[in-house]
Structure formats: C-alpha cells, structure tokens
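Colleague: quick one, fold the following:
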Amino acid sequence: MNLKLAKIFNRLSLKGTLIVPFVLQIFVTVGVVGYLSFKNGQMAVNDLADQLRKSIALHIVNQLQNTIDRPHVINSINAKAIRQGDLDIVTGKGVHSLWQQARLFPSTNFIYCGTEEEGAFLGVGYSEGGQGDRLEIHVANPTTDRYHYTYKADSTGNRSHLIGKGNQQYDPRKRPWYTLAKSEDKPIWSEIYLGFKYALPTITASTPVYDDVSGKLRAICATDIVLSLELNQFLRNLDIGESGLAFIMEPSGLLVATSTAEPITVGTEENIQLIDARDSLNPLIREASQFLDVHFKGLDKIRSSQLIFSAGGHRQYLEVVRVNDPYGLDWVVVILVPEADFMEKINQNKRITLMLCAIALVVSILIGLLVAHWLTQPIQKLSYVAKSIARGHWDEPVIFDRQDAIGDLSRSLSDMAKQLRFSFETLEHRIADRTKELAQANQELQRLASIDGLTQTANRRYFNEFIEGEWEYLSLVKKPLTVIFCDVDYFKKYNDTYGHQQGDRCLKEVARVLEQGHKPFDGLVARYGGEEFVIVGSKMTTSTAIALVQTIKKTLWDLKIPHRKSEKQYVTLSVGIATAIPTQNLDLHTLVAAADRALYAAKSAGRDRYRVAEGFFID
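Modeller: Purely as a prediction, here's the structure:
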C-alpha cells in the first residue's frame, strides 16, 4: 500500500505533491467542521426549542390556573355571604357584591345563585352574552312570577331600570349547573357547552351552599367563563416561534381554545357543536392530535411529555401538558413548534460550508489554508455561542464584522439571544404583574368581606376578630378595654312608620355619628346586628367612655332626626358600657355580656340614656 502511494506521489510534480495533501486535508477538515457545526447547531436548536416549549407551556398553565381558580373563589365568597346573611337571593340584598366581583374579574361572564326552597335566581353578568361592556342584573323569583327580568346596574351596583323580560318562567333548580352541583354535593365544573344566546363555548363552576345549623341545602352559586373570549385571545397573543401554535382540548378530543384563527365550532343555530381536534381545519392541529391519539392509544390516556413527529414532511416539536384540578376539570395543552423555524440558518451554513469546500479544491495551498482557518474558527466560535445560548448564557453572543453568511449567522444568533432574553424577561414581568394584580384583588375582597354593606362600618365577623386581638394585646400591656353597645331606640317602630329605606338612611346617619365621635380614639366601630352597634375602645377608661357617649348622644340630638313614635320625638340611643383589664381570671365573653346587660338596663330605665355595668368601671 505504501509503495503504491509512493508511486502515485512520485508521478506528481512538486506543486501537485504540495497541493494534493493539503487539498485533501482541507476537504476533510472543512467537511468535518461543517458536519460538527451543523450537529452542534442542531443540538443547540433542540435545546432552544425545548426551553421555548417549556416556557410557553408554563405561561399557558399559569394563565389557565388563574382563569380556573377565580370562579371557585368567587363561588366560595358568595356562599359565605349567603350563610352570613350578607347576600339574599330572594330580596336581592347584597347584589352590589356580585356587581363588584364582576368588575374586579371581567373574565367571568356571569356570576349568579339560585335558592333551593323558593327557586329564586339572582345574578350579574355582562351584556350581549359576555361580549358587551355593560353590567346587568338578572332576577327571577316569586315577585316576578318566576319570569326572568333583566335590569341595568347603576354606578353602585344596584338595580336601575328594567331593560328586558323573558317570555318563559325560569326555575334555576331545573338548570344543569344547579342539578349537577346538587347531585355531586361538592364544588364542580360543568361540561363545556355552547351558551344558549350567542352559542359561545362556555364552562360553569358550581358550588352548593348549606345551612350552618340544619345542614340543609340553601342554594347553589355558580360562575360562567366564556372560553372563546378568555383563552383564544390569550393564546393568539403568544409568540410561538415564527409559525408555531398552541391549542387546548379535552381528553375526548373536543377543542377548547386555539392560537389560530380557525373556528372551534361547526354547524349553525341548533346544530352548532364543538369541533374534534382530529377533524380541525388546521392541518397541524389535526395531524398533531391524530399523532397523539395513536401514540398514547387514545387521547384520554395522554400524559405530560415532550415528543417529536413529522407533519407535511417537516419535523415538529410537541410539548404536551395534562392540566386538571380538584373540581373535575381535565384539559390537555399542546404546543407545537416546527423545527424549520430554527433550522433555516443552520441549513444555510451547511450549504455555504460545502461551497467553500469545493472552492478550496481548486485554489492554491495557501488560499486553502487561509480559507480553512477563516472558516473553521468562526464556525467553532458560533457553535460554542449557540450552546451557551441554549444553556441560558445570554451575554455570550459574538458578532463578526463580516458581510458573508458567517456574519449573518453571528448577527442572527445575537438577535435571537436578545429576543429570547427579552421574551423571558417580559414573561417574568407579566407573571409578577399578574401575581401583584391577584394579590391586590384578594386584598380588596378581604376588605369587602370585613365591611357592613349598609353602614360601611366593620361587620360582626371583623368585630369578633378585632376584639380578640385587642384582648390578647391589652392583656400583655395591662391596659383597659372598653366595650360600648349602642341601640337605636324604637327602631322597629321607626321602620314601620317611615319605611325600610328611610330606616337604612337613619342607620347610616347613626353610624356616621359613631365613627365621627370615636375618630380621636384607638379602637373600632362595628355594626353588631340590626339597629345595634358596638364601639371597642382600646386603652379607654370608663370615664373617657362616658364622655364619648355623651358627645355622641349630643351630636345625634343636635341632628334632630324625626321619630314621632318615640317619646322624645327624635331618634335617640340607649347605651351600655363595660370596662375591664384583661386577666387570666376574666374572659372576653364576660366583658361583652356585661356591656350587653348594661345596654338592656339602660333600655329598661326608659331609653335615651347610658348605664355602666356593675363591677366593670375603671377610671
């Protein structure tokens, strides 16, 4: 073998002898470098595609979680309001809280409740089936002869004028959202259905409400989400490569939402229905769902995974995430990214490398060596940069000041790194903003849950929490705690004489007087129940409390609110006062009970006066 090679080289000129080995070396070197560059670039592309899919999947799952958590939180709040008497479905009391929730969470199309005993219905939703921008109040109860009445909501969330009336009687107890929650006896999601008015894909979260004492079913509360309004727009705003897409489907195959413009329903009027992903008009969605059906031997057996399949002669990256929650929701999120979105520059580099290799075969040894050096070094550098980008090192990109494909590739990699960095930072900011918005919304809901809806003072629940905290604190610092019960004299007669609306205004005015009088002191003013209020004075002595009560009574008397059924002809207060320093031998309930007894002593003594509980006086 060596003799044959020697004979061949002996026949060549010196020039040929010098050129042939270097030409072969250049050919092999350039070929190997090009191959390795292509493979490393492809590996980097795979890593980038994996990160992109994971990032988008995380973003979609977070958005889904936010979307599906809200309705059950809203239902829980409304159920609690019903049990506490803050929301009355029959009378419409507290409807402004539903209105406030709809304003805080515009993605919820309809928030409503129905009662078990009366079959009454009360709800707040956006006009035009969730597509409008006006909030409306929906009522159906015995006073409407069970017909569905629609009212415009005023600026405070209460009924304004009637704007619509149904032509059939409406009983919520016969509706699927009601019967499903009642039969399952727990919070639950409905199946996806098409809204009866605008045929938009909708899903309902329902929660049963039981009486705290008897345990009987009192009502069912529900919240609707129009999926096409909430999720389609979100998916279409995602940046999924150049031609990637995402879609959500049920394990049955029915499409829930897509990032494409193709419709997810088929048919018209009564025959309209959701499309099966395997029959989608979009070829990528259709082929991807068919591939998943075969791969997992049924869409209902899909597991969260990363897959690769071919569609239209091109490789496609798939990210599959199974999303479910404790209330029965079970969806499949699919992100599809074509490999071609990433491989264009890599393939271009491969073609240029082969061209340079061919040129190197016909040029001199010196030019061949220079070309090899000129070609391999930047390619290796770019390969290293591509892998660094895949590892998340955004500051690595190097731009070569060249006007050829290598310079284009370096600039493209640099631009890609900047875009990916910007995308990840933008995603982090969006997640942080959304988290902040949810925290603010939760704080607002907690605030609303602590305030009496009529008088805007603290409610009974918050009073209980506040006074327990003050009791523990004052027991440590050994300071007095004063409880002052105030009751509006002859308030039932006032209501019977002037009407409940005037009675509400009277309570608001009394609450304002109490808040104004108590403002200089530490503590709390709360509505204890009906026409009864309670003032908590932190570090307040009995003498200070008496002075405060006298100031309040004088302020109220100066207002001269008419009350012709009262002996004084004006609205007056009866007051009970009790003061104690918290100790181990005295509990909070004893102090509250003493103040309550003092109140009834004041009422028994003729009203429009105060009494201090015996044994509970601290000067």
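
Colleague: residue ranges of the strands in the stretch 51-200 of the chain, please?
Modeller: Secondary structure of the stretch 51-200 of the chain (DSSP state E, counting those that start in this stretch): strands located at 108-115, 121-126, 135-140, 147-153, 159-169, 188-189, 193-194.

Colleague: report the buried residues of the fourth one.
Modeller: In terms of neighbour count (16 or more other CB atoms under 10 Å), strand 147-153 has its buried residues at 148-151, 153. For glycine as for every other residue, the C-beta is placed from the backbone atoms N, C-alpha and C.

Colleague: so can I have a markdown table of these showing distance to Val571 and pLDDT?
Modeller: Output for the buried residues of strand 147-153, formatted as a markdown table (distance: CB to CB, whole Å; pLDDT from 0 to 100):
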| residue | distance to Val571 | pLDDT |
| --- | --- | --- |
| His148 | 40 | 91 |
| Tyr149 | 35 | 92 |
| Thr150 | 38 | 93 |
| Tyr151 | 32 | 93 |
| Ala153 | 32 | 89 |
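
Colleague: rewinding a little: can you add distance to Leu64 and give the strands of the stretch 51-200 of the chain back as TSV?
Modeller: Compiled in TSV, the strands of the stretch 51-200 of the chain are given as follows (distance: least, CB to CB, whole Å):
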stretch	distance to Leu64
strand 108-115	15
strand 121-126	21
strand 135-140	25
strand 147-153	29
strand 159-169	33
strand 188-189	13
strand 193-194	19
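
Colleague: minimum distance to Glu465: which of those strands has it?
Modeller: When these are compared for distance to Glu465 using CB to CB, the nearest one is strand 108-115, at 25.8 Å.

Colleague: how much does the closest one deviate in direction from strand 121-126?
Modeller: What separates the directions of strand 108-115 and strand 121-126 is an angle of 170 degrees, with axes from the mean of the first three to the mean of the last three CA atoms, to 10 degrees.

Colleague: related to what we said a few turns ago, any chance of the buried residues of strand 147-153 in CSV, plus distance to Arg564?
Modeller: Converted to CSV, the buried residues of strand 147-153 look like this (distance: CB to CB, whole Å):
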residue, distance to Arg564
His148, 42
Tyr149, 36
Thr150, 40
Tyr151, 35
Ala153, 36
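
Colleague: show me which of those is closest to Tyr327.
Modeller: Nearest to Tyr327 among these, counting by CB to CB, is His148 at 27.1 Å.

Colleague: for Ile535, what is the enclosing helix or strand?
Modeller: Counting by DSSP states H and E, the secondary-structure element that holds Ile535 is strand 532-538.

Colleague: elements contacting whatever helix or strand comes next after that strand?
Modeller: The first helix or strand that comes after strand 532-538 along the chain, using DSSP H and E, is helix 542-559. Applying 3 or more CB pairs under 8 Å, 6 or more residues apart in numbering; DSSP states H and E, one finds that helix 542-559 makes contact with strand 481-488, helix 500-518, strand 532-538, strand 573-580, strand 610-612.

Colleague: for Leu591, find the nearest of the strands of the stretch 51-200 of the chain.
Modeller: Evaluated over those, closeness to Leu591 peaks at strand 108-115, with 37.8 Å, by CB to CB.

Colleague: in its sheet, what does the closest one sit against?
Modeller: Partners of strand 108-115 in the sheet, by DSSP bridges, are strand 121-126 (antiparallel), strand 217-226 (antiparallel).

Colleague: of all these, which one is nearest Leu200?
Modeller: Of all these, strand 217-226 sits nearest to Leu200, with 4.9 Å by CB to CB.

Colleague: and the helix or strand just after that closest one, C-alpha only, in CSV?
Modeller: Downstream of strand 217-226, the next assigned helix or strand under DSSP H and E is helix 227-236. Below are the C-alpha coordinates for helix 227-236, written out as CSV (Å, rounded to 0.1, in the frame of the first residue of the first chain):
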residue,chain,number,x,y,z
LEU,A,227,-63.7,30.3,26.8
SER,A,228,-63.6,31.8,23.4
LEU,A,229,-63.3,35.3,24.9
GLU,A,230,-60.8,34.4,27.7
LEU,A,231,-58.5,31.8,26.3
ASN,A,232,-58.5,32.2,22.5
GLN,A,233,-57.3,35.8,22.7
PHE,A,234,-54.6,34.8,25.2
LEU,A,235,-53.3,32.0,23.0
ARG,A,236,-53.3,34.2,19.9
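
Colleague: could you tell me the angle between helix 227-236 and strand 108-115?
Modeller: Helix 227-236 and strand 108-115 are oriented at 150 degrees to each other (the same axes, to 10 degrees).

Colleague: residue numbering should commence at 45 henceforth.
Modeller: OK, 45 is where the count begins now, so the last one is helix 271-280.

Colleague: and the angle for the following helix or strand past helix 271-280 with helix 271-280?
Modeller: Using DSSP H and E, the helix or strand that follows helix 271-280 in sequence is strand 289-293. With the same axes, to 10 degrees as the basis, strand 289-293 and helix 271-280 are set at 150 degrees to each other.
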